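J.: Give me a 3D structure for the following:
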Amino acid sequence: MTTEELSPAHFVTLFRSVAPYVNLFRGKTFVIAFGGKAITGPFARTLAYDVNLLAALGVRLVLVHGARPQIEEELREKGLESIILDGYRVTDAATLDCVIDAVGSVYLELEALLSQGLPDTPMANSTIRVVAGNFITARPVGVLNGVDMQYAGHVRKIDVEGVRAQLSIGNIVLLSCIGVSPTGEIFNLAMEEVAEATATTISADKLIFLSDSQGVTDKEGGLLDELTADSAERLLATQDWLSPDLRRYLPRAIRASRSGVGRVHLIGYDEDGTLLRELFSRDGVGTIITRESLEILRDARPDDIAGLVALIEPLEEEGTLVRRSRELLEREISHFSVVEHDGMIVGCAALYPYGEDQAELACLAVHPQFRRWGYGEQLMKRIETRARMAGIKRLFVLTTVTSHWFRERGFVEQPLEALPSEKRLVYNLQRRSKIFTKML
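T.: Prediction:
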């Protein structure tokens, strides 16, 4: 749908809805990885538009590209056999020549796409600078299962300072699936390994894989929009239904997530705008892999009281939360869910039913040092899940300082009359908390 087909009000609403993400992403570092098929697909040009938009919004970008289909084509043209072993290409000297030619052609194509600037395109007036260089040091795979892999390589080191220096002055860093050893030898690398190594060593906020699937799916083909690293690893044990790209990318996504990358996204490249739809909408279109196991997000227990008190007392003192005595917490502990990190309670939220079909989301709090990990979002979703299981149709929340956070997550501001009658009777007029509701 074009802007001409949108009503003015709808256009303004959509435009305003992305503002929180613009503010959130500015200055963040994203690594975007894609194979050669994405470059030959019908949406390569618009992908370049979307990369340009992210750069214009202040996102620091590292692009990592593969060239698998282009290498295969080079091998066919020269009558050479293509041999893949455990995800790595057996690369003799003749094959390496094909790899170099294929990667070079993909690089030039990407450079051309990112250099567009016609007046009637989204890249008009853009000043994108794409930088490539010897940022990757490689080492040989060696002998694998009795086979000499020759010029197939592993990532040995990423020039972190060099990459960050380029990002700091607004350049897009473009990395390929080729690396050079300290002795000057060229090695053929797996694109997904380059992406993982880059994202982890430069402490990227996001690693995004563009794949031949809309995301990770279950056996029936249903999209799994969120997975922890642990659950994704369990899924890999029975991966027969996963697409070829996902079988290569998902293990790297798990490793990157466990190594500290904030979010790993797996999305498709065969639809226009999937990158923007994933990043700038609440529901997204693909799969997000997060580090923490589901086991740390659980119902509260009586022995969590001390941890809860330590977490919420500072927020009570500053007036963000309503004061709750230790005795009250002990009586109401069954209403709480908590996030535990290394034995420490770092987040909590509570669900208080009112009648049969509505409930309050209360005492949502996350330790300041852990807020960037998305625990608040996870707690909110857990409370929503508990509410749905209890037959709750409407969730409400009272807040004094986090109105925008709840708005961004689908809550709508309401007047005092929207509260259940028993809640209105204890509403604190001095706090003047704003009231938000969300239909489940």
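J.: Run through this protein and note the low-pLDDT ranges.
T.: Residues of the chain meeting the criterion pLDDT under 70: 1-6, 117-126, 282-283, 292-295, 342.
J.: which helix in it runs the most residues?
T.: Ordering each helix of the chain by length in residues (DSSP state H) puts helix 93-113 first.
J.: name the helices or strands packed onto the next helix or strand after that one?
T.: Beyond helix 93-113 in the direction of the C-terminus, DSSP states H and E gives the next helix or strand as strand 130-131. Secondary-structure packing of strand 130-131 (3 or more C-beta pairs under 8 Å, 6 or more residues apart in numbering; DSSP states H and E): strand 172-175. (Each C-beta comes from the backbone N, C-alpha and C, glycine too.)
J.: and the strand it packs on, which strands flank it?
T.: With DSSP bridges as the test, strand 172-175 is paired with strand 60-65 (parallel), strand 130-131 (parallel).
J.: Centre of the chain to it, how far?
T.: Mean-position distance between strand 172-175 and its chain equals 19 Å (C-alpha atoms, centre = their mean, to the nearest Å).
J.: CA atoms of it as PDB?
T.: This file holds the C-alpha atoms of strand 172-175, laid out as PDB (Å, rounded to 0.1, in the frame of the first residue of the first chain):
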ATOM      1  CA  ILE A 172      28.600   1.100   6.500                       C
ATOM      2  CA  VAL A 173      31.100  -1.800   6.900                       C
ATOM      3  CA  LEU A 174      30.700  -4.500   4.200                       C
ATOM      4  CA  LEU A 175      32.200  -7.900   5.000                       C
END
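J.: Identify the residues contacting it?
T.: Applying C-beta atoms under 8 Å, 6 or more residues apart in numbering, the contact partners of strand 172-175 are 51, 55, 61-65, 107, 110-111, 114, 128-132, 135-136, 163, 166-167, 194, 198.
J.: Any idea which of the strands paired with strand 172-175 gets closest to residue 99?
T.: With respect to residue 99, and counting by C-beta to C-beta, the nearest of the strands paired with strand 172-175 is strand 60-65 at 12.9 Å.
J.: next helix or strand past the closest one?
T.: Counting by DSSP H and E, what follows strand 60-65 is helix 68-77.
J.: Okay, buried residues for stretch 174-193 please.
T.: Neighbour-count burial for stretch 174-193, with 16 or more other C-beta atoms under 10 Å as criterion, is recorded at 174-179, 186-193.
J.: quick revisit: hey, C-alpha coordinates of the longest helix of the chain in CSV?
T.: This file holds the C-alpha atoms of helix 93-113, laid out as CSV (Å, rounded to 0.1, in the frame of the first residue of the first chain):
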residue,chain,number,x,y,z
ALA,A,93,43.1,-23.7,-5.6
ALA,A,94,40.8,-23.9,-8.6
THR,A,95,37.7,-23.7,-6.4
LEU,A,96,39.3,-20.7,-4.5
ASP,A,97,39.6,-18.9,-7.8
CYS,A,98,35.8,-19.4,-8.3
VAL,A,99,35.1,-18.2,-4.8
ILE,A,100,37.2,-15.0,-5.3
ASP,A,101,35.4,-14.3,-8.6
ALA,A,102,31.9,-14.9,-7.2
VAL,A,103,32.5,-12.9,-4.0
GLY,A,104,33.9,-10.0,-6.0
SER,A,105,30.9,-9.9,-8.3
VAL,A,106,28.5,-9.9,-5.3
TYR,A,107,30.5,-7.1,-3.7
LEU,A,108,30.3,-5.0,-6.8
GLU,A,109,26.6,-5.6,-7.1
LEU,A,110,26.0,-4.6,-3.4
GLU,A,111,28.2,-1.5,-3.8
ALA,A,112,26.1,-0.5,-6.9
LEU,A,113,22.8,-1.1,-5.0
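J.: hang on, the earlier thing: how about the strands paired with strand 172-175, which one is nearest residue 344?
T.: strand 60-65 (31.2 Å).
J.: about what we covered before: show me what the longest helix of the chain is packed against.
T.: Helix 93-113 packs on helix 36-40, helix 44-56, strand 60-65, helix 68-77, strand 172-175, strand 178-180, strand 186-188, going by 3+ C-beta pairs under 8 Å, 6+ apart.
J.: Now do it: distance to the chain's middle.
T.: 29 Å.
J.: What lies in contact with that helix?
T.: With contacts defined as C-beta under 8 Å, 6+ apart, helix 93-113 is touched by 36, 39, 44-45, 47-48, 63, 65-67, 70-71, 73-75, 78, 80, 89, 91, 130, 132, 150-151, 174, 176-178, 186, 188.
J.: Among the residues you listed, name the buried ones.
T.: For the contacts of helix 93-113, buried by 16+ other C-beta under 10 Å: 36, 39, 44, 47-48, 63, 65-67, 70-71, 73-75, 89, 91, 130, 150-151, 174, 176-178, 186, 188.
J.: Tally up the residues packed near residue 328, please.
T.: Burial of residue 328 is recorded as 10 neighbouring residues (other C-beta atoms under 10 Å).
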